[in-house]
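J.: Everything below, folded, please.
(chains A, B, C and D)
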Number of protein chains: 2
Amino acid sequence: MNELVALTPGESAALDNLEERQRHVRRGAVLQRENEACNELFILRKGLMMSYVLLDDGSRQILRFLFPGDILGISSAIYQEAPETLAALSDCVVSPFDRAALADIMTGHPRLSALILVYSQIERVALTDRLAALGRTSARARVAALLLELRSRLRATDKSIDNAFLLGLTQEEIGDATGLTAVHVNRMLRQLEETGLIGREGGRVTLKDEPALTRAANFVNRYVGLDLSWLPKPRS
Amino acid sequence: MNELVALTPGESAALDNLEERQRHVRRGAVLQRENEACNELFILRKGLMMSYVLLDDGSRQILRFLFPGDILGISSAIYQEAPETLAALSDCVVSPFDRAALADIMTGHPRLSALILVYSQIERVALTDRLAALGRTSARARVAALLLELRSRLRATDKSIDNAFLLGLTQEEIGDATGLTAVHVNRMLRQLEETGLIGREGGRVTLKDEPALTRAANFVNRYVGLDLSWLPKPRS
DNA sequence: CGATCGTTTGACGTTTGTCAACCGTCGTGG
DNA sequence: CCACGACGGTTGACAAACGTCAAACGATCG
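T.: Below you'll find the predicted structure:
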(Lines give C-alpha, C1' and ligand atoms only; values in the text may rest on other atoms or scores of the structure.)
Protein backbone atom coordinates (compact mmCIF):
# COMPACT_ATOMS: atom_id res chain seq x y z
CA MET A 1 0.00 0.00 0.00
CA ASN A 2 2.95 2.29 0.63
CA GLU A 3 3.27 3.03 -3.10
CA LEU A 4 0.13 5.13 -2.92
CA VAL A 5 0.52 6.99 0.38
CA ALA A 6 3.07 7.31 3.19
CA LEU A 7 1.89 5.05 5.99
CA THR A 8 1.97 5.92 9.67
CA PRO A 9 3.83 3.58 12.05
CA GLY A 10 0.50 2.26 13.31
CA GLU A 11 -0.68 1.48 9.79
CA SER A 12 2.59 -0.17 8.87
CA ALA A 13 2.39 -2.32 11.97
CA ALA A 14 -1.16 -3.39 11.13
CA LEU A 15 -0.06 -4.43 7.63
CA ASP A 16 3.06 -6.20 8.92
CA ASN A 17 0.75 -8.11 11.19
CA LEU A 18 -1.04 -9.50 8.12
CA GLU A 19 2.24 -10.65 6.65
CA GLU A 20 3.40 -12.42 9.77
CA ARG A 21 3.10 -15.94 8.34
CA GLN A 22 4.44 -17.18 5.05
CA ARG A 23 3.41 -20.13 2.93
CA HIS A 24 5.16 -21.49 -0.14
CA VAL A 25 3.00 -22.52 -3.07
CA ARG A 26 4.42 -24.69 -5.79
CA ARG A 27 3.88 -23.94 -9.48
CA GLY A 28 0.54 -25.38 -10.55
CA ALA A 29 -0.80 -25.70 -7.00
CA VAL A 30 -4.28 -24.46 -6.15
CA LEU A 31 -4.64 -22.14 -3.16
CA GLN A 32 -8.40 -21.93 -3.26
CA ARG A 33 -10.91 -23.87 -5.32
CA GLU A 34 -14.13 -22.52 -6.81
CA ASN A 35 -17.25 -23.56 -4.85
CA GLU A 36 -15.29 -24.67 -1.82
CA ALA A 37 -15.42 -22.95 1.54
CA CYS A 38 -12.46 -20.71 2.24
CA ASN A 39 -11.83 -18.75 5.39
CA GLU A 40 -8.48 -17.31 4.45
CA LEU A 41 -7.32 -14.33 2.50
CA PHE A 42 -3.79 -13.92 1.19
CA ILE A 43 -1.26 -11.35 0.25
CA LEU A 44 0.92 -12.45 -2.63
CA ARG A 45 4.57 -11.86 -1.74
CA LYS A 46 6.46 -13.49 -4.61
CA GLY A 47 5.60 -15.11 -7.92
CA LEU A 48 2.75 -15.05 -10.44
CA MET A 49 -0.72 -16.42 -9.80
CA MET A 50 -4.08 -16.34 -11.56
CA SER A 51 -7.74 -16.54 -10.69
CA TYR A 52 -10.15 -18.38 -12.96
CA VAL A 53 -13.58 -19.96 -13.20
CA LEU A 54 -14.59 -23.19 -14.93
CA LEU A 55 -17.80 -23.39 -16.95
CA ASP A 56 -20.12 -26.35 -17.30
CA ASP A 57 -18.61 -27.41 -20.61
CA GLY A 58 -15.14 -27.54 -19.04
CA SER A 59 -13.86 -24.35 -20.60
CA ARG A 60 -11.94 -21.94 -18.43
CA GLN A 61 -11.98 -18.17 -18.14
CA ILE A 62 -8.95 -16.61 -16.50
CA LEU A 63 -10.23 -13.56 -14.65
CA ARG A 64 -7.03 -11.93 -13.54
CA PHE A 65 -3.31 -12.37 -13.16
CA LEU A 66 -2.00 -11.69 -9.67
CA PHE A 67 1.29 -10.02 -8.85
CA PRO A 68 3.30 -9.42 -5.67
CA GLY A 69 1.49 -7.01 -3.37
CA ASP A 70 -1.97 -8.03 -4.54
CA ILE A 71 -4.56 -9.08 -1.99
CA LEU A 72 -6.13 -12.41 -2.96
CA GLY A 73 -9.54 -13.72 -2.07
CA ILE A 74 -11.47 -10.69 -0.85
CA SER A 75 -14.38 -11.71 -3.02
CA SER A 76 -14.19 -15.25 -1.65
CA ALA A 77 -14.16 -13.90 1.90
CA ILE A 78 -17.64 -12.45 1.54
CA TYR A 79 -19.18 -15.69 0.25
CA GLN A 80 -19.70 -19.03 1.90
CA GLU A 81 -18.15 -20.61 -1.16
CA ALA A 82 -15.35 -19.16 -3.22
CA PRO A 83 -16.56 -17.79 -6.57
CA GLU A 84 -13.20 -18.41 -8.23
CA THR A 85 -10.11 -20.59 -8.14
CA LEU A 86 -6.66 -19.25 -7.19
CA ALA A 87 -3.73 -21.10 -8.74
CA ALA A 88 0.02 -20.50 -8.94
CA LEU A 89 1.61 -19.97 -12.35
CA SER A 90 5.10 -20.04 -10.83
CA ASP A 91 6.51 -20.97 -7.45
CA CYS A 92 5.02 -18.40 -5.10
CA VAL A 93 5.09 -17.14 -1.54
CA VAL A 94 1.87 -15.95 0.10
CA SER A 95 0.96 -14.61 3.52
CA PRO A 96 -2.38 -15.99 4.71
CA PHE A 97 -4.59 -14.12 7.15
CA ASP A 98 -8.17 -14.54 8.27
CA ARG A 99 -11.30 -12.47 7.90
CA ALA A 100 -11.13 -11.29 11.50
CA ALA A 101 -7.85 -9.55 10.68
CA LEU A 102 -9.61 -7.73 7.85
CA ALA A 103 -12.37 -6.69 10.24
CA ASP A 104 -9.76 -5.44 12.73
CA ILE A 105 -8.19 -3.24 10.10
CA MET A 106 -11.55 -1.81 9.12
CA THR A 107 -12.24 -0.99 12.75
CA GLY A 108 -8.85 0.41 13.71
CA HIS A 109 -7.51 1.97 10.53
CA PRO A 110 -9.99 3.98 8.47
CA ARG A 111 -7.39 5.07 5.96
CA LEU A 112 -6.25 1.50 5.35
CA SER A 113 -9.91 0.52 4.87
CA ALA A 114 -10.18 3.23 2.27
CA LEU A 115 -6.99 2.01 0.59
CA ILE A 116 -8.36 -1.52 0.44
CA LEU A 117 -11.43 -0.09 -1.23
CA VAL A 118 -9.19 1.84 -3.63
CA TYR A 119 -7.32 -1.31 -4.62
CA SER A 120 -10.53 -3.20 -5.11
CA GLN A 121 -11.75 -0.39 -7.36
CA ILE A 122 -8.55 -0.35 -9.38
CA GLU A 123 -9.10 -4.05 -9.90
CA ARG A 124 -12.71 -3.40 -10.83
CA VAL A 125 -11.70 -0.92 -13.51
CA ALA A 126 -9.10 -3.33 -14.86
CA LEU A 127 -11.86 -5.93 -15.08
CA THR A 128 -14.14 -3.57 -16.98
CA ASP A 129 -11.30 -2.83 -19.38
CA ARG A 130 -11.03 -6.53 -20.05
CA LEU A 131 -14.79 -6.80 -20.34
CA ALA A 132 -14.75 -4.15 -23.04
CA ALA A 133 -11.86 -5.92 -24.74
CA LEU A 134 -13.69 -9.25 -24.83
CA GLY A 135 -16.97 -7.71 -25.89
CA ARG A 136 -15.82 -5.24 -28.48
CA THR A 137 -12.30 -5.80 -29.76
CA SER A 138 -10.60 -8.22 -32.16
CA ALA A 139 -8.45 -11.17 -31.22
CA ARG A 140 -5.35 -9.22 -32.22
CA ALA A 141 -6.25 -6.30 -29.96
CA ARG A 142 -6.93 -8.57 -26.99
CA VAL A 143 -3.59 -10.30 -27.27
CA ALA A 144 -1.81 -6.97 -27.63
CA ALA A 145 -3.65 -5.61 -24.58
CA LEU A 146 -2.67 -8.64 -22.53
CA LEU A 147 1.00 -8.22 -23.39
CA LEU A 148 0.91 -4.55 -22.47
CA GLU A 149 -0.87 -5.24 -19.20
CA LEU A 150 1.57 -7.99 -18.25
CA ARG A 151 4.57 -5.80 -18.96
CA SER A 152 3.09 -2.89 -17.06
CA ARG A 153 2.32 -4.97 -13.98
CA LEU A 154 5.62 -6.85 -14.04
CA ARG A 155 7.47 -3.56 -14.13
CA ALA A 156 5.71 -2.44 -10.96
CA THR A 157 7.72 -4.99 -8.99
CA ASP A 158 10.79 -5.28 -11.20
CA LYS A 159 12.03 -1.90 -12.40
CA SER A 160 14.67 -3.55 -14.56
CA ILE A 161 12.00 -4.66 -17.02
CA ASP A 162 11.82 -2.35 -20.00
CA ASN A 163 10.57 -3.62 -23.32
CA ALA A 164 11.37 -7.29 -22.92
CA PHE A 165 10.06 -9.74 -20.37
CA LEU A 166 9.68 -13.42 -19.79
CA LEU A 167 6.14 -14.42 -20.61
CA GLY A 168 5.36 -17.03 -17.95
CA LEU A 169 2.22 -18.19 -19.73
CA THR A 170 1.35 -20.88 -22.23
CA GLN A 171 -0.61 -19.88 -25.30
CA GLU A 172 -3.53 -21.82 -23.88
CA GLU A 173 -3.45 -19.62 -20.78
CA ILE A 174 -3.33 -16.49 -22.91
CA GLY A 175 -6.33 -17.86 -24.76
CA ASP A 176 -8.24 -18.57 -21.56
CA ALA A 177 -7.59 -15.02 -20.44
CA THR A 178 -8.57 -13.38 -23.74
CA GLY A 179 -11.49 -15.62 -24.68
CA LEU A 180 -9.66 -17.23 -27.60
CA THR A 181 -8.38 -20.69 -28.47
CA ALA A 182 -4.70 -21.51 -28.12
CA VAL A 183 -4.52 -22.00 -31.90
CA HIS A 184 -5.82 -18.54 -32.58
CA VAL A 185 -3.55 -16.98 -29.97
CA ASN A 186 -0.66 -18.54 -31.84
CA ARG A 187 -1.85 -16.97 -35.09
CA MET A 188 -2.18 -13.56 -33.46
CA LEU A 189 1.25 -13.72 -31.81
CA ARG A 190 2.82 -14.67 -35.10
CA GLN A 191 0.97 -11.85 -36.85
CA LEU A 192 2.16 -9.33 -34.25
CA GLU A 193 5.67 -10.64 -34.79
CA GLU A 194 5.48 -10.56 -38.59
CA THR A 195 4.21 -6.98 -38.59
CA GLY A 196 7.09 -5.93 -36.34
CA LEU A 197 5.08 -5.04 -33.25
CA ILE A 198 6.72 -7.64 -31.05
CA GLY A 199 9.71 -9.97 -31.06
CA ARG A 200 9.85 -13.47 -29.61
CA GLU A 201 12.69 -15.73 -28.63
CA GLY A 202 11.78 -18.76 -26.54
CA GLY A 203 9.33 -17.48 -23.97
CA ARG A 204 10.79 -13.96 -24.05
CA VAL A 205 8.63 -11.24 -25.57
CA THR A 206 9.94 -7.88 -26.72
CA LEU A 207 7.57 -4.98 -27.32
CA LYS A 208 9.25 -3.57 -30.42
CA ASP A 209 6.67 -0.96 -31.40
CA GLU A 210 4.89 0.09 -28.26
CA PRO A 211 2.91 3.00 -29.75
CA ALA A 212 1.50 0.71 -32.42
CA LEU A 213 0.68 -1.93 -29.81
CA THR A 214 -1.08 0.63 -27.64
CA ARG A 215 -3.08 1.81 -30.62
CA ALA A 216 -3.99 -1.76 -31.55
CA ALA A 217 -5.13 -2.46 -28.01
CA ASN A 218 -6.49 0.81 -26.65
CA PHE A 219 -4.79 -0.01 -23.38
CA VAL A 220 -4.95 2.25 -20.31
CA ASN A 221 -2.66 1.81 -17.31
CA ARG A 222 -5.09 1.92 -14.41
CA TYR A 223 -2.41 2.39 -11.77
CA VAL A 224 -1.82 5.99 -12.82
CA GLY A 225 -4.18 8.96 -12.73
CA LEU A 226 -5.46 8.19 -9.24
CA ASP A 227 -6.86 10.88 -6.97
CA LEU A 228 -6.46 10.00 -3.30
CA SER A 229 -6.79 13.49 -1.85
CA TRP A 230 -10.08 12.54 -0.24
CA LEU A 231 -8.75 9.68 1.90
CA PRO A 232 -9.70 9.89 5.58
CA LYS A 233 -7.05 10.91 8.10
CA PRO A 234 -5.08 8.08 9.67
CA ARG A 235 -6.09 7.32 13.23
CA SER A 236 -2.66 6.19 14.42
CA MET B 1 -27.61 -1.76 3.04
CA ASN B 2 -30.32 -2.85 5.48
CA GLU B 3 -31.14 -5.90 3.36
CA LEU B 4 -27.88 -7.49 4.47
CA VAL B 5 -27.69 -6.56 8.16
CA ALA B 6 -29.77 -4.72 10.74
CA LEU B 7 -28.33 -1.23 11.03
CA THR B 8 -27.84 0.66 14.26
CA PRO B 9 -29.48 4.11 14.61
CA GLY B 10 -26.08 5.75 14.13
CA GLU B 11 -25.46 3.83 10.93
CA SER B 12 -28.92 4.58 9.60
CA ALA B 13 -28.40 8.25 10.32
CA ALA B 14 -25.08 8.25 8.47
CA LEU B 15 -26.74 6.69 5.43
CA ASP B 16 -29.73 9.02 5.58
CA ASN B 17 -27.22 11.83 5.56
CA LEU B 18 -25.98 10.65 2.16
CA GLU B 19 -29.50 10.66 0.80
CA GLU B 20 -30.28 14.16 1.96
CA ARG B 21 -30.38 15.69 -1.50
CA GLN B 22 -32.27 14.41 -4.51
CA ARG B 23 -31.74 15.03 -8.18
CA HIS B 24 -33.98 14.01 -11.06
CA VAL B 25 -32.34 12.61 -14.16
CA ARG B 26 -34.26 12.40 -17.38
CA ARG B 27 -34.22 9.29 -19.57
CA GLY B 28 -31.15 9.41 -21.80
CA ALA B 29 -29.35 12.00 -19.68
CA VAL B 30 -25.71 11.50 -18.72
CA LEU B 31 -24.77 11.84 -15.07
CA GLN B 32 -21.06 11.42 -15.53
CA ARG B 33 -18.99 11.26 -18.70
CA GLU B 34 -15.95 9.07 -19.30
CA ASN B 35 -12.64 10.98 -19.05
CA GLU B 36 -14.21 13.97 -17.38
CA ALA B 37 -13.48 15.02 -13.82
CA CYS B 38 -16.17 14.07 -11.37
CA ASN B 39 -16.21 14.84 -7.67
CA GLU B 40 -19.59 13.34 -6.88
CA LEU B 41 -20.85 9.91 -6.06
CA PHE B 42 -24.50 8.93 -6.20
CA ILE B 43 -26.99 6.55 -4.74
CA LEU B 44 -29.63 5.51 -7.23
CA ARG B 45 -33.07 5.89 -5.67
CA LYS B 46 -35.45 5.22 -8.56
CA GLY B 47 -35.17 4.08 -12.16
CA LEU B 48 -32.72 2.14 -14.31
CA MET B 49 -29.28 3.37 -15.30
CA MET B 50 -26.21 1.92 -16.99
CA SER B 51 -22.48 2.44 -17.03
CA TYR B 52 -20.53 2.08 -20.27
CA VAL B 53 -17.28 2.86 -22.03
CA LEU B 54 -16.74 3.96 -25.63
CA LEU B 55 -13.86 2.54 -27.67
CA ASP B 56 -11.80 4.31 -30.29
CA ASP B 57 -13.84 2.92 -33.15
CA GLY B 58 -17.03 4.29 -31.63
CA SER B 59 -18.34 0.97 -30.37
CA ARG B 60 -19.78 0.82 -26.89
CA GLN B 61 -19.47 -1.73 -24.09
CA ILE B 62 -22.13 -1.55 -21.41
CA LEU B 63 -20.42 -2.57 -18.18
CA ARG B 64 -23.31 -2.80 -15.80
CA PHE B 65 -26.96 -2.01 -15.30
CA LEU B 66 -27.73 -0.04 -12.16
CA PHE B 67 -30.76 -0.50 -9.94
CA PRO B 68 -32.25 1.36 -6.97
CA GLY B 69 -29.98 1.09 -3.94
CA ASP B 70 -26.79 0.82 -5.98
CA ILE B 71 -23.93 3.19 -5.26
CA LEU B 72 -22.71 4.84 -8.47
CA GLY B 73 -19.30 6.21 -9.22
CA ILE B 74 -17.04 4.73 -6.55
CA SER B 75 -14.53 3.82 -9.22
CA SER B 76 -14.73 7.33 -10.65
CA ALA B 77 -14.16 8.80 -7.19
CA ILE B 78 -10.69 7.29 -6.94
CA TYR B 79 -9.54 8.67 -10.31
CA GLN B 80 -8.97 12.18 -11.50
CA GLU B 81 -11.04 11.32 -14.55
CA ALA B 82 -14.03 9.02 -14.62
CA PRO B 83 -13.25 5.65 -16.24
CA GLU B 84 -16.85 5.18 -17.36
CA THR B 85 -20.01 6.99 -18.34
CA LEU B 86 -23.19 6.87 -16.25
CA ALA B 87 -26.43 7.32 -18.19
CA ALA B 88 -30.11 6.97 -17.39
CA LEU B 89 -32.16 4.33 -19.21
CA SER B 90 -35.38 5.61 -17.68
CA ASP B 91 -36.35 8.69 -15.70
CA CYS B 92 -34.38 8.36 -12.48
CA VAL B 93 -33.86 9.90 -9.07
CA VAL B 94 -30.37 9.97 -7.56
CA SER B 95 -28.89 11.30 -4.32
CA PRO B 96 -25.50 12.92 -4.93
CA PHE B 97 -22.86 13.10 -2.21
CA ASP B 98 -19.19 13.98 -2.22
CA ARG B 99 -16.04 12.05 -1.50
CA ALA B 100 -15.60 13.67 1.89
CA ALA B 101 -18.87 12.04 2.98
CA LEU B 102 -17.45 8.68 1.95
CA ALA B 103 -14.30 9.38 3.96
CA ASP B 104 -16.45 10.34 6.97
CA ILE B 105 -18.26 7.03 6.83
CA MET B 106 -15.01 5.12 6.63
CA THR B 107 -13.75 6.98 9.69
CA GLY B 108 -16.86 6.82 11.81
CA HIS B 109 -18.60 3.59 10.81
CA PRO B 110 -16.32 0.58 10.37
CA ARG B 111 -19.18 -1.78 9.70
CA LEU B 112 -20.60 0.45 6.97
CA SER B 113 -17.11 0.63 5.45
CA ALA B 114 -17.06 -3.15 5.41
CA LEU B 115 -20.52 -3.24 3.83
CA ILE B 116 -19.39 -0.84 1.11
CA LEU B 117 -16.51 -3.22 0.47
CA VAL B 118 -18.96 -6.13 0.39
CA TYR B 119 -21.15 -4.42 -2.20
CA SER B 120 -18.14 -3.58 -4.32
CA GLN B 121 -17.10 -7.23 -4.17
CA ILE B 122 -20.56 -8.45 -5.13
CA GLU B 123 -20.30 -6.16 -8.11
CA ARG B 124 -16.83 -7.47 -8.83
CA VAL B 125 -18.07 -11.05 -8.91
CA ALA B 126 -20.98 -10.07 -11.15
CA LEU B 127 -18.44 -8.49 -13.50
CA THR B 128 -16.32 -11.63 -13.56
CA ASP B 129 -19.44 -13.66 -14.35
CA ARG B 130 -20.02 -11.42 -17.32
CA LEU B 131 -16.36 -11.64 -18.27
CA ALA B 132 -16.64 -15.42 -18.36
CA ALA B 133 -19.85 -15.13 -20.36
CA LEU B 134 -18.25 -12.87 -22.98
CA GLY B 135 -15.08 -14.91 -23.17
CA ARG B 136 -16.45 -18.41 -23.14
CA THR B 137 -20.16 -18.70 -23.91
CA SER B 138 -22.31 -18.48 -27.04
CA ALA B 139 -24.48 -15.56 -28.06
CA ARG B 140 -27.57 -17.49 -26.99
CA ALA B 141 -26.16 -18.10 -23.51
CA ARG B 142 -25.20 -14.48 -23.06
CA VAL B 143 -28.63 -13.21 -23.94
CA ALA B 144 -30.25 -15.76 -21.66
CA ALA B 145 -27.91 -14.77 -18.82
CA LEU B 146 -28.75 -11.10 -19.30
CA LEU B 147 -32.47 -11.79 -19.09
CA LEU B 148 -32.03 -13.82 -15.92
CA GLU B 149 -29.83 -11.18 -14.33
CA LEU B 150 -32.27 -8.38 -15.17
CA ARG B 151 -35.20 -10.30 -13.74
CA SER B 152 -33.29 -11.18 -10.61
CA ARG B 153 -32.21 -7.61 -9.95
CA LEU B 154 -35.59 -6.09 -10.81
CA ARG B 155 -37.24 -8.44 -8.34
CA ALA B 156 -34.94 -7.17 -5.59
CA THR B 157 -36.81 -3.86 -5.63
CA ASP B 158 -40.18 -4.99 -6.96
CA LYS B 159 -41.38 -8.19 -5.31
CA SER B 160 -44.41 -8.32 -7.59
CA ILE B 161 -42.19 -9.36 -10.49
CA ASP B 162 -42.29 -13.08 -11.04
CA ASN B 163 -41.62 -14.51 -14.49
CA ALA B 164 -42.59 -11.54 -16.60
CA PHE B 165 -41.08 -8.08 -16.65
CA LEU B 166 -40.82 -5.04 -18.82
CA LEU B 167 -37.49 -5.07 -20.60
CA GLY B 168 -36.49 -1.42 -20.59
CA LEU B 169 -33.73 -1.98 -23.13
CA THR B 170 -33.40 -1.80 -26.88
CA GLN B 171 -31.86 -4.74 -28.67
CA GLU B 172 -28.88 -2.52 -29.43
CA GLU B 173 -28.37 -1.98 -25.70
CA ILE B 174 -28.62 -5.71 -25.06
CA GLY B 175 -26.00 -6.16 -27.76
CA ASP B 176 -23.69 -3.56 -26.25
CA ALA B 177 -23.96 -5.33 -22.92
CA THR B 178 -23.37 -8.83 -24.30
CA GLY B 179 -20.77 -8.03 -26.93
CA LEU B 180 -23.11 -8.73 -29.85
CA THR B 181 -24.72 -6.75 -32.65
CA ALA B 182 -28.33 -5.71 -32.40
CA VAL B 183 -29.11 -7.92 -35.39
CA HIS B 184 -27.71 -11.00 -33.72
CA VAL B 185 -29.47 -10.20 -30.45
CA ASN B 186 -32.71 -10.20 -32.40
CA ARG B 187 -31.93 -13.62 -33.84
CA MET B 188 -31.13 -15.01 -30.38
CA LEU B 189 -34.28 -13.56 -28.82
CA ARG B 190 -36.38 -15.04 -31.58
CA GLN B 191 -34.65 -18.37 -31.17
CA LEU B 192 -35.28 -18.36 -27.41
CA GLU B 193 -38.90 -17.58 -28.17
CA GLU B 194 -39.28 -20.25 -30.86
CA THR B 195 -37.80 -22.92 -28.60
CA GLY B 196 -40.25 -21.99 -25.85
CA LEU B 197 -37.76 -20.63 -23.33
CA ILE B 198 -39.22 -17.13 -23.30
CA GLY B 199 -42.30 -15.28 -24.47
CA ARG B 200 -42.45 -11.74 -25.80
CA GLU B 201 -45.25 -9.24 -26.25
CA GLY B 202 -44.18 -5.68 -26.99
CA GLY B 203 -41.32 -5.00 -24.63
CA ARG B 204 -42.58 -7.51 -22.06
CA VAL B 205 -40.51 -10.64 -21.60
CA THR B 206 -41.77 -13.80 -19.92
CA LEU B 207 -39.34 -16.43 -18.71
CA LYS B 208 -41.38 -19.49 -19.70
CA ASP B 209 -38.82 -22.20 -18.98
CA GLU B 210 -36.54 -20.92 -16.28
CA PRO B 211 -34.63 -24.17 -15.63
CA ALA B 212 -33.76 -24.43 -19.32
CA LEU B 213 -32.73 -20.77 -19.39
CA THR B 214 -30.52 -21.23 -16.35
CA ARG B 215 -28.91 -24.25 -17.95
CA ALA B 216 -28.38 -22.35 -21.19
CA ALA B 217 -26.78 -19.48 -19.32
CA ASN B 218 -25.04 -21.01 -16.31
CA PHE B 219 -26.27 -18.08 -14.31
CA VAL B 220 -25.53 -17.63 -10.58
CA ASN B 221 -27.38 -15.12 -8.43
CA ARG B 222 -24.56 -13.35 -6.64
CA TYR B 223 -26.79 -11.72 -4.05
CA VAL B 224 -27.31 -15.03 -2.25
CA GLY B 225 -24.78 -17.25 -0.50
CA LEU B 226 -23.07 -14.37 1.27
CA ASP B 227 -21.20 -14.85 4.55
CA LEU B 228 -21.13 -11.67 6.61
CA SER B 229 -20.39 -13.23 9.98
CA TRP B 230 -16.94 -11.61 10.00
CA LEU B 231 -18.15 -8.00 9.76
CA PRO B 232 -16.67 -5.67 12.41
CA LYS B 233 -18.87 -4.53 15.27
CA PRO B 234 -20.75 -1.28 14.72
CA ARG B 235 -19.28 1.65 16.60
CA SER B 236 -22.58 3.48 17.11
C1' DC C 1 -48.45 13.58 -42.29
C1' DG C 2 -43.54 12.96 -42.45
C1' DA C 3 -39.61 11.63 -39.79
C1' DT C 4 -37.32 8.96 -36.68
C1' DC C 5 -36.49 4.96 -34.04
C1' DG C 6 -36.55 0.20 -32.98
C1' DT C 7 -37.42 -4.32 -34.80
C1' DT C 8 -37.36 -7.97 -38.20
C1' DT C 9 -35.58 -10.61 -42.00
C1' DG C 10 -32.52 -12.31 -45.76
C1' DA C 11 -28.11 -12.74 -48.31
C1' DC C 12 -23.50 -12.77 -47.86
C1' DG C 13 -18.64 -11.98 -45.74
C1' DT C 14 -15.24 -12.32 -42.06
C1' DT C 15 -13.48 -13.87 -37.93
C1' DT C 16 -12.66 -17.34 -35.07
C1' DG C 17 -13.12 -22.23 -33.73
C1' DT C 18 -12.32 -27.19 -34.72
C1' DC C 19 -9.77 -30.99 -36.07
C1' DA C 20 -5.70 -33.07 -37.28
C1' DA C 21 -0.99 -33.61 -37.94
C1' DC C 22 3.77 -32.64 -36.95
C1' DC C 23 7.77 -30.75 -34.44
C1' DG C 24 10.92 -29.84 -30.68
C1' DT C 25 11.93 -30.01 -25.74
C1' DC C 26 12.04 -31.84 -21.41
C1' DG C 27 11.63 -35.01 -17.75
C1' DT C 28 11.34 -39.74 -16.37
C1' DG C 29 11.87 -44.44 -15.89
C1' DG C 30 13.63 -48.69 -17.77
C1' DC D 1 22.12 -43.70 -21.52
C1' DC D 2 18.33 -43.98 -24.23
C1' DA D 3 13.42 -44.51 -25.33
C1' DC D 4 9.24 -42.92 -24.39
C1' DG D 5 5.55 -39.99 -23.38
C1' DA D 6 3.76 -35.58 -22.17
C1' DC D 7 3.49 -31.01 -23.20
C1' DG D 8 3.67 -26.78 -25.67
C1' DG D 9 4.07 -24.69 -30.02
C1' DT D 10 3.12 -24.45 -35.18
C1' DT D 11 0.58 -25.07 -39.34
C1' DG D 12 -3.16 -26.12 -42.73
C1' DA D 13 -7.91 -27.32 -44.24
C1' DC D 14 -12.37 -26.75 -43.18
C1' DA D 15 -16.67 -25.43 -40.41
C1' DA D 16 -19.45 -22.66 -37.50
C1' DA D 17 -20.65 -18.47 -35.32
C1' DC D 18 -21.30 -14.00 -35.72
C1' DG D 19 -20.99 -9.47 -38.23
C1' DT D 20 -22.28 -6.48 -42.19
C1' DC D 21 -25.26 -4.60 -45.38
C1' DA D 22 -29.62 -3.72 -47.04
C1' DA D 23 -34.49 -3.44 -47.11
C1' DA D 24 -38.95 -3.23 -45.14
C1' DC D 25 -42.27 -2.72 -41.31
C1' DG D 26 -44.76 -0.72 -37.36
C1' DA D 27 -44.94 2.53 -33.67
C1' DT D 28 -44.35 6.98 -31.84
C1' DC D 29 -43.78 11.87 -31.83
C1' DG D 30 -43.73 16.34 -33.35
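J.: what about the closest residue to A:Leu207 other than its chain neighbours, how many residues close to it?
T.: Residue nearest to A:Leu207 in three dimensions, not counting chain neighbours: A:Asn163, with 4.8 Å by C-beta to C-beta, 6 or more residues apart in numbering or on different chains. Every C-beta, even on glycine, is put in place using the N, C-alpha and C of the backbone. A count of nearby residues for A:Asn163, using other C-beta atoms under 10 Å in any protein chain shown, gives 13.
J.: Now do the contacts for A:Arg21.
T.: A:Ser95, A:Pro96, A:Phe97 (C-beta atoms under 8 Å, 6 or more residues apart in numbering or on different chains).
J.: wouldn't the first one be in contact with A:Glu40 here?
T.: No: A:Ser95 lies out of contact with A:Glu40 (C-beta atoms under 8 Å); the separation is 10.1 Å.
J.: Wait, a helix at A:Leu31?
T.: No: judged by DSSP: H, G, I helix; E, B strand; the rest coil, A:Leu31 forms no part of a helix; its state is strand.
J.: Let me know the secondary structure of the closest residue to it other than its chain neighbours.
T.: The spatial neighbour of A:Leu31 that comes closest, neighbours along the chain excluded (C-beta to C-beta, 6+ apart), is A:Leu86 at 4.2 Å. Following three-state DSSP, A:Leu86 is assigned to strand.
J.: ok so A:Ile62 is a strand residue?
T.: Yes: judged by three-state DSSP, A:Ile62 forms part of a strand.
J.: can you map out the strands along chain A?
T.: A:23-25, A:30-32, A:40-46, A:49-54, A:60-66, A:71-72, A:85-88, A:92-98, A:164-166, A:198-201, A:204-207 (DSSP state E).
J.: okay, those in a markdown table with mean neighbour count, distance to DNA strand C and mean pLDDT next?
T.: Shown next, in a markdown table, are these (neighbours: other C-beta atoms under 10 Å in any protein chain shown; distance: least, C-beta to the nearest atom of the strand, whole Å; pLDDT from 0 to 100):
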| stretch | mean neighbour count | distance to DNA strand C | mean pLDDT |
| --- | --- | --- | --- |
| strand A:23-25 | 16 | 18 | 95 |
| strand A:30-32 | 18 | 19 | 96 |
| strand A:40-46 | 19 | 20 | 96 |
| strand A:49-54 | 21 | 15 | 98 |
| strand A:60-66 | 23 | 12 | 98 |
| strand A:71-72 | 21 | 28 | 98 |
| strand A:85-88 | 22 | 17 | 98 |
| strand A:92-98 | 20 | 19 | 97 |
| strand A:164-166 | 16 | 14 | 95 |
| strand A:198-201 | 15 | 12 | 94 |
| strand A:204-207 | 17 | 13 | 96 |
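J.: what about those strands, which gets the closest to B:Ala77?
T.: Closest approach to B:Ala77 among these is made by strand A:71-72 (19.7 Å; C-beta to C-beta).
J.: Check which helices and strands the closest one is in contact with.
T.: Contacts defined by 3 or more C-beta pairs under 8 Å, 6 or more residues apart in numbering or on different chains; DSSP states H and E place strand A:71-72 against strand A:40-46.
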